[in-house]
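1. my questions concern the predicted model and sequence given below.
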Amino acid sequence: MKLFYILALVVLLFSPSSFSQWSWQSNLPQGNYLCAVAYIDSNICMAVGYAGTIIRTTDGGVTWQRQHSGTIATFYSVAFANASTGIVVGDSGIVLTTTNGGLVWTRQNSQTSVSLRAAAFQDPVTITVVGSSGLIIKSSDGGNVWMLRNSGTSNGLMCVSFLNKSEGVIGGYKGTLLKTLDGGETWNILPPQDDIHDYHTISLQDSSIIYTGSNMSSDGGMTWVKYDNPGFFGLSFANKSHAVGVSVNGQIFRTTDSGLTWCRSVPDSTLSFQGVSFSDSLHGMIIGSYGVIFKTSDGGISWNQISRLLITGGLQSVSFANKDNGIAVGGGGILKTSDGGIHWEKMNESPNFLLTGIYLINNLKAVGFATNGQIFLTKDGGNSWAQIIVGSFLYSITFSDANNGIIVGDTVLKTSDGGETWFGRNRGVKNRLYSVQFPSQQIGYAVGGYGTIVKTTDGGDTWVSIGAIDYYNFYYACSFTDEDNGTIVGSYGTILHTTDGGITWNKQFSSGSPNITYCGISLVDNLNGTIIGLNGTILHTTDGGNNWLQCESVTRNTLRGICFTDSNNGTVIGEEGTLLHTTNGGISFINVSPTSSRSVNFELFQNYPNPFNPETTIDYQLPHTGLVILKIYDILGREIKTLINETQIAGKHSVSFTAGQLSNGVYFYQLSLDGFRNVKKMLLLK
């Protein structure tokens, strides 16, 4: 109990530099939808999007770092007045500003709670922001104080552009176009165009020329000429004549004659492009769905995808045979890892039907199933699959050893030969079962709809109902550490715990939303466990479930599957290709894992020996030369010692730490390099 509160305090002490303990493994550098991008110079770029996402690169997109935003709201716009001064706006009236190039973001009081859709600088301290219901707010002091301005419309305003401090334009829904000549103090409604559009992008190139996503005007907005394209969601000019527009159906348009004609490319029609930004006449970035990022270095002639999208369909199930080898399956195919979940690759061959459940028996052998009842077996690591049976709807699979396995759903199926043959068993209830687990070879539990909990004591041959705790609750997952101790999760924030083999169940409560649906749980021992669910929810306990702490969200995608191979290493999968990984059990307070479209080799290794007394060694690896800071903290977040604070070259380094007069207990060591941060814990035992 005490440790729980101490860790919570540590999180607060290190905000806003603290980050979630879960890092993206797919998609990379992250998988949330990106809504806007600001390419500041050829090296520095910022992108924002769903779930409070702010990512930043300082090397032209080779590596990206997640910046702390303190919210899971959607960000729709990012803008910079110069390399240092920027703003991000989004849902619920959220405004964040930075004065150090996006390393730290400060929450401002916008005096509104409506959705803010776009922001534009008139100079480094003057900013106009637009949003829903015709909202216009303006700041003249860099975002500290905001004043409401009259738009003359109730239509949603989606985009804003300023030529200088005085002249600006706004676009919005239902053909809404506004213009100001006095710095945004007053706005005039421009005449409507012949074709009414919802405007998501607008650009004021000089006092007369205005570009929207579908039309251009050369007389200050009095008359308009339609482009020969279906309309843009984002538009950016590389120079006066060269521009690129992007659409939500994966199309990229380029003009070299100021918009008179456009050529089109379609790199991927399954993607939705949301924004584009050029830093100069050559360098541009496009962002969009699933965290996709494209880059050009030739003015938009060619575009290279620098993000890595392994899979965009929902992942439903994940299983590890050991600490290194794992497999995840779902709507987009099959992913495999051989290094404990740090890197994943998509399998080229998949079964005829998409797998929704999987159990990896060993490195080569796995059993998977489709919800409609088809069961598949592979003996070559997933290169080929044999169809075993077609039956009722299936939802969960487990094996108690290499031969004995159970699948549940609208039926119960059992195998005693490693998945070669399956036979039906009486499940003891009529309700659908969603999850099954065997803490031993003979004892197993399954849970399902309408409060269903069943138990077997003979390896799954017969099942007995052990009570419907709440008829109106659906139980979606269960996890047991032994025959007696286990936890069930489900709808309406249900967390039930037993210590007597299911004879009695006690309700547990979380620090998050009390009504969220939980979809998965993994208990690694009687103290440590993790729960996942809707809206990217991740809960963690270190005291057997007396307290469930809500981890900082990295996504709002629904999380479906979870697997821990030991107390530190865990993998979570979910909708839209979400694949998350932790290497510290999910409880550290500063862990920032650098994610990149390439291997960046930024690593902080576990100290050795650990536990230690009184001396230990810390190894780390750097991707490039830079200022390195390595510090030791106690469990309260107080700095104990700075081990390194100097410029070091790329490569592997090692440093020794002597505890001296420090008392027994848990300590943390944090490594920092140019915005990268990572942390691990160590234990001093004298």
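-> Happy to help now that I have it.
2. give me phi/psi at the most centrally placed residue in the chain?
-> In the chain, the centroid-proximal residue (CA atoms, centre = their mean) is T555; its distance is 3.5 Å. The phi and psi values for T555, taken as degrees, to the nearest 10, are phi -160, psi 160.
3. so what's it up against?
-> Each residue near T555 by CB atoms under 8 Å, 6 or more residues apart in numbering is listed here: 30-32, 50-51, 536, 574, 578, 580. All C-beta spots, glycine's among them, are computed from the backbone N, C-alpha and C.
4. from those, which land in helices?
-> Among the contacts of T555, none falls in helices (DSSP state H).
5. just the residues you listed now: which is nearest L181?
-> Y50 (36.1 Å; CB to CB).
6. what's around the closest one, how many residues?
-> 25 (other CB atoms under 10 Å).
7. isn't it right up against T74?
-> Yes - if you go by CB atoms under 8 Å, Y50 and T74 touch, sitting 5.1 Å apart.
8. intersection of neighbour lists for those two?
-> With CB under 8 Å, 6+ apart as the test, Y50 and T74 both reach C35.
9. need the contacts of T555 in CSV (columns: pLDDT).
-> Formatted as CSV, these follow (pLDDT from 0 to 100):
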residue, pLDDT
Q30, 95
G31, 96
N32, 97
Y50, 97
A51, 94
G536, 94
G574, 96
T578, 96
L580, 95
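10. and these, which two are furthest apart?
-> It's Y50 and L580 that sit farthest apart of the contacts of T555, by CB to CB, at 14.7 Å.
11. ok, what's across the strand from T255?
-> Following DSSP bridges, T255 is listed with bridge partners A243.
12. same deal with Y445?
-> Bridge pairing for Y445 - DSSP bridges - gives Q437, K455.
13. which of the contacts of T555 tops the neighbour count?
-> Greatest neighbour count in these, by other CB under 10 Å, goes to G31: 34 neighbours.
14. who are the contact partners of that residue?
-> 24, 290-291, 555, 557, 576-579.
15. pLDDT weak spots in this protein?
-> Scanning the chain for pLDDT under 70 picks out 1-20, 194-195, 229-230, 349-353, 468-469, 587-601, 636-637, 674-676.
16. phi, psi for S491 please.
-> Per-residue torsions, S491: phi -70, psi 160 (degrees, to the nearest 10).
17. and it, what does it touch?
-> Residues counted as contacts of S491 (CB under 8 Å, 6+ apart) are 473-474, 476, 517-518.
18. which of these sits closest to I127?
-> T517 (39.4 Å).
19. ramachandran coordinates for the closest one?
-> According to degrees, to the nearest 10, T517 has phi -90, psi 130.
20. okay, now it: neighbour count?
-> T517 has 19 nearby residues by other CB under 10 Å.
21. any idea how far I358 is from it?
-> For T517, the distance to I358 equals 22 Å [CB to CB, to the nearest Å].
22. now swap in N304 and tell me
-> In terms of CB to CB, N304 sits 33 Å off from I358.
23. so which of the two has more stuff around it?
-> Comparing N304 with I358 by other CB under 10 Å, the one with more neighbours is I358, at 24 against 12.
24. tell me which element the more buried one falls in.
-> strand 357-360 (DSSP states H and E).
25. so who does the closest residue to the residue nearest to the centre of the chain other than its chain neighbours touch?
-> Excluding the flanking residues, the one nearest T555 by CB to CB, 6 or more residues apart in numbering is G536, at 4.2 Å. G536 sits next to 51, 72, 553-559, 574, 578 when contact means CB under 8 Å, 6+ apart.
26. mind doing that once more with 7 Å?
-> G536 makes contact with 51, 553-557, 559, according to CB atoms under 7 Å, 6 or more residues apart in numbering.
27. burial check on the nearest residue to A81 once chain neighbours are set aside, number of neighbours?
-> The shortest distance from A81 to any non-neighbouring residue, by CB to CB, 6+ apart, is to F121 (3.9 Å). By the criterion of other CB under 10 Å, F121 has 19 neighbours.
28. so F121 touches K138, yeah?
-> No - using CB atoms under 7 Å, F121 is not in contact with K138, being 11.4 Å away.
29. could you tell me which residues touch both of those two?
-> I127.
30. which other residues reach stretch 559-568?
-> Defining contact as CB under 7 Å, 6+ apart, one finds that stretch 559-568 is touched by 314-320, 322-323, 326, 340, 519-522, 524-525, 528, 530, 532-533, 536-538, 570-574, 578, 583-585.
31. recalculate using a threshold of 6 Å.
-> Under the criterion CB atoms under 6 Å, 6 or more residues apart in numbering, residues 316-318, 320, 323, 519-520, 522, 524, 528, 532, 570-574, 583-585 lie in contact with stretch 559-568.
32. measure it end to end?
-> With CA to CA, to the nearest Å as the measure, the first residue of stretch 559-568 is 19 Å from its last.
33. how distant is that stretch from the center of its chain?
-> Computed by CA atoms, centre = their mean, to the nearest Å, the chain-centroid distance of stretch 559-568 equals 16 Å.
34. just the buried residues of it, please?
-> 559-565, 568 (16 or more other CB atoms under 10 Å).
35. before we move on, what about stretch 54-70?
-> 54-69.
36. bridging residues for I618?
-> Where I618 sits in a bridge, its partners, by DSSP bridges, are V655.
37. distance check, it against T582.
-> I618 is 20 Å from T582, by CB to CB.
38. circling back to that earlier point, for the contacts of S491, pick the one with the most neighbours.
-> Busiest of the contacts of S491 [other CB under 10 Å] is Y518, holding 27 neighbours.
39. that residue reaches I531, doesn't it?
-> Yes - with contact defined as CB atoms under 6 Å, Y518 and I531 form a contacting pair (5.2 Å).
40. now for those two: what residues contact both?
-> Between them, Y518 and I531 share the contacting residues V489, judged by CB under 6 Å, 6+ apart.
41. next step: the contacts of G31 restricted to strands.
-> Residues of the contacts of G31 located in strands (DSSP state E): 24, 579.
42. right, and D619 touches S654 too?
-> Yes - using CB under 6 Å, D619 is in contact with S654, at 4.9 Å.
43. of those two, who's got more company?
-> D619 (14 against 9).
44. ok, now which ones touch that one?
-> Counting by CB under 6 Å, 6+ apart, D619 touches 605, 654.
45. pull up the gap between it and E603, please.
-> 8 Å.
46. can you check N404 too?
-> Using CB to CB, N404 is found at 39 Å from E603.
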